[in-house]
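In: Return a 3D structure for these sequence lines:
(chains A and B, ligands or ions: 2)
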Amino acid sequence: MKKRMFTALVHNQNGILTRLMGIFTKHQYQIESLAVAVYPELKEVSKMSVVLEVEDDHRFLQLLKQVNKQIDVLYVSDSPDDHAINRELVYIKKLLI
Amino acid sequence: MKSTTPMGTVEAEQLKMNGADLLIQALKQENVEILFGYPGGAVLGIYDALHKSPMKHILARHEQGAIHAAEGYARVSGKPGVVIATSGPGATNIVTGIADAMMDSLPLVIFTGQVASQVIGTDAFQEADVVGITTPITKQNYQIKKLEDLPRIVKEAFYIATTGRPGPVLVDIPKDLTALPTPPTKQVEVNLPGYHPNVNPDPVHVKILLEALTESEKPVILAGAGVLHAKASEDLLSFAEFYQLPVVHTLLGLGGFPAQHPLFLGMAGMHGCYAANMAIYECDLLINIGARFDDRLTGNLKTFAPKAKVAHIDIDPSEIGKNVDTQIPIAGDAKAVLQMLMDQTVQEPDARLWLDHLEQYKKDYPYWYTDTEEFLSPQHLIELVNKHTNGEAIVTTDVGQHQMWAAQFYSFSQPNRWVTSGGLGTMGFGFPAAIGAQLAEPEATVVSLAGDGGFQMTLQELILLKEWNLPVKVLIINNGSLGMVRQWQETFYEKRFSHSIFSLQPDFLKLAESYGIKAYRVSNKDEAEQVFREVFSDREPVLIDCRVNPAENVYPMVAPGKGLHEMIGVKP
Ligand SMILES: Cc1ncc(C[n+]2csc(CCOP(=O)(O)OP(=O)(O)O)c2C)c(N)n1
Ligand SMILES: [Mg+2]
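Out: Ligands and ions are numbered 1, 2, ... in the order given. The predicted model follows:
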């Protein structure tokens, strides 16, 4: 078992959080920690960070793909690297404008 | 002055619009021709708007009937099926159909009424959290919060349902919004920054696949329903013929490649044919086009295509590598990828020996059954239907033995003629789906092959055949039991037939008569031949109670946990 974190930027509507929680349950993951916040400068977008216990990389990848597939998910990264996320945010901003 | 000009009149009309009118207007903009639904308190406003509209509405007799009909319509026409149901029980009655459409990637747009905005969350009369209930079984769902969002949301719903990998989208509309006055709509734009349905296939991987193909000695194509959704049947045919590649189908893919074609090996999977399953087991290159490697197809994954390099072409990247290790992943629409594959030609594989070998399997181990004098064998019955319809009918089924026999013994020569519930395996699907199929193609011959069990789950829709003059041929494959359950109990539970054999059945003939539909009973070959000759030459609805051998089982079979090469019940 190792801890993995992934971050998702979500289009903040239509119960996207419920949708994602359902996917975790379906894939039999238990959440260790979950943080969700609206971007102050970009109210339409929330950033969500999830820490999970991961046993099997293949299964974890399937989970990420399912998360990424959701209509209201803009971006998923399983890197805890802030720089990468920030770079993406700029990209997302461009997409939204 | 202004109000006397035609333009002014139109404007005045539009100014009288309410939320429900706005919905109908949005449906018109999406070119919706037909709705399947059922009214109730929360959608009274929508139905009032429909009253003024010429749009065709099919009043099913149960919401489940409405949604399966919409699925049949979508499967055959390629257009989205549109469903309306009221809040609470109306919405919960369509849950099975939504899950079914999700599993089989059918484009549906579903509108449910909701209690008024002010009382949402108070357990108001007929309130159910439909968005919550349907979240895991929809591609996307919405609850409309502000009326001004309605046109955009409707547009998004149709866009999402029909693009990329199709699927059901639900829109929940609080009752009060349908009554609000509203100005006419302006042009609306979708706002879906996270949705990228058009994946561009990676040309590098396409090239790698072609290289693998050239080197392969034992290639095989596994074609799924993705080929049908992409309308890529002809592209598949050109590709297979150009490189002389044998083709096997999934259950849902049937019809994507002509069954009579010499390169066609048959359906693969649990009740697939030996040649198809062995082709997958023995191949050195497996080219999956638009199939999702469902467990009923793969059997035991440990021995699935053990010698093969696997290429997987799928519009949904999350399907690639999900169940089967994939060396050549190609995310993209089946048609686009097939065209890229045909854009450049490489040396065709030297697979003559392989084709001969498979041909031998096909000859030696076809689907088979033993005919008895005493009973009408269900397999023969399907062959007769095939004969009397030239393999050109639209065929719908429920789930169970009859479904497998239909898949085995009906020769689908064209795409989008086969309407069955594959992923969810929904009994009661077939008959209402046939209604939707017939509405989509009024000229076609539509045959509903129904289980005696499954038919009793949605038979209330019989009245629609009369009401809408739909010449659906309903054939109840009556084995007096939940045949597939009985078969598993016979094989895996030492013949303990627990609650799978009907001790009592309705008189299906009288039932049909009470709906004003002519009906026949056939119990042997001659009767079947005679009745089929008659009913398949007219354009009337009919119900035929086909009394088939109650002890017949579906073979061959890959038992649960076994690999595709371990089939039992193969022709001796
Ligand atoms: C709604 C639903 N309930 C239960 C099942 C489980 N099930 C699968 S096949 C089957 C038997 C179906 O009987 P019938 O419709 O008579 O078809 P047959 O197998 O006899 O051809 C059952 C109960 C199902 N697939 N769907
Ligand atoms: Mg039966």
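
In: near ligand 2, which residues of chain B?
Out: B:451-453, B:479, B:483 (C-beta under 5 Å from the ion). Using the backbone N, CA and C atoms, a C-beta is placed for each residue, glycine as well.

In: Just read off the phi/psi values of the residue of chain A found nearest chain B.
Out: With C-beta to the nearest C-beta, the shortest gap between chain A and chain B falls at residue A:65, namely 3.8 Å. For residue A:65, the backbone dihedrals (degrees, to the nearest 10) come out as phi -60, psi -40.

In: which SS class is the residue nearest to it when sequence neighbours are not counted?
Out: Excluding the flanking residues, the one nearest residue A:65 by C-beta to C-beta, 6 or more residues apart in numbering or on different chains is residue B:318, at 3.8 Å. Using DSSP: H, G, I helix; E, B strand; the rest coil, the structure places residue B:318 in helix.

In: hmm, back to that, so the residue of chain A closest to chain B touches residue B:316, yeah?
Out: No: using C-beta atoms under 8 Å, residue A:65 is not in contact with residue B:316, being 9.1 Å away.

In: Identify the contacts common to the two.
Out: Residues touching both residue A:65 and residue B:316 by C-beta atoms under 8 Å, 6 or more residues apart in numbering or on different chains: none at all.

In: What number of residues are in the vicinity of residue B:203?
Out: Number of residues near residue B:203 (other C-beta atoms under 10 Å in any protein chain shown) recorded here: 12.

In: Report pLDDT for it.
Out: We have a pLDDT of 97 for residue B:203.

In: So which residues of the stretch 351-500 of chain B form helices?
Out: Secondary structure of the stretch 351-500 of chain B, counting by DSSP state H, counting those that start in this stretch: helices at B:352-364, B:378-389, B:401-409, B:430-440, B:452-458, B:462-467, B:483-492.

In: possible to save those helices as a markdown table with mean pLDDT, mean neighbour count and distance to ligand 1?
Out: A markdown table is the format used below for the helices of the stretch 351-500 of chain B (pLDDT from 0 to 100; neighbours: other C-beta atoms under 10 Å in any protein chain shown; distance: least, C-beta to the nearest ligand atom, whole Å):
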| stretch | mean pLDDT | mean neighbour count | distance to ligand 1 |
| --- | --- | --- | --- |
| helix B:352-364 | 97 | 15 | 26 |
| helix B:378-389 | 98 | 22 | 8 |
| helix B:401-409 | 98 | 26 | 4 |
| helix B:430-440 | 98 | 30 | 9 |
| helix B:452-458 | 98 | 25 | 3 |
| helix B:462-467 | 98 | 20 | 16 |
| helix B:483-492 | 98 | 19 | 3 |
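
In: What is the burial count for residue B:347?
Out: Around residue B:347 there are 11 other residues, counting by other C-beta under 10 Å.

In: In three-state terms, label it for me.
Out: coil.

In: And it, how far from residue B:232?
Out: Plainly put, residue B:347 is 24 Å away from residue B:232 if you go by C-beta to C-beta, to the nearest Å.

In: what does residue A:69 give?
Out: 22 Å.

In: Nearest to ligand 2: which residue in chain A?
Out: residue A:26 (31.9 Å; C-beta to the ion).

In: For chain B, what lies in contact range of chain A?
Out: Counting by C-beta under 8 Å from any C-beta of the partner chain, chain B comes close to chain A at B:131-132, B:135-136, B:139-143, B:160, B:192-195, B:316-318, B:321-322.

In: Which ones among those map onto helices?
Out: Cross-referencing the residues of chain B next to chain A against helices under DSSP state H gives B:131-132, B:160.

In: Adding neighbour count, pLDDT and distance to residue B:526, write those out as CSV.
Out: Output for these, formatted as CSV (neighbours: other C-beta atoms under 10 Å in any protein chain shown; pLDDT from 0 to 100; distance: C-beta to C-beta, whole Å):
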residue, neighbour count, pLDDT, distance to residue B:526
B:131, 21, 97, 56
B:132, 14, 96, 56
B:160, 25, 98, 52
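
In: now, which of those sits nearest ligand 2?
Out: residue B:132 (35.4 Å).

In: Please name the nearest non-neighbouring residue to that closest one.
Out: residue A:18 (6.6 Å).

In: Would you double-check that that neighbour falls in a strand?
Out: No: in this structure, residue A:18 is helix, not part of a strand, as judged by three-state DSSP.

In: neighbours around it, how many?
Out: 14.

In: my guess is it meets residue B:135, correct?
Out: Yes: counting by C-beta under 8 Å, residue A:18 touches residue B:135, with 5.7 Å between them.

In: Can you work out which residues contact both of the two?
Out: Common neighbours of residue A:18 and residue B:135, using C-beta under 8 Å, 6+ apart, do not exist here.
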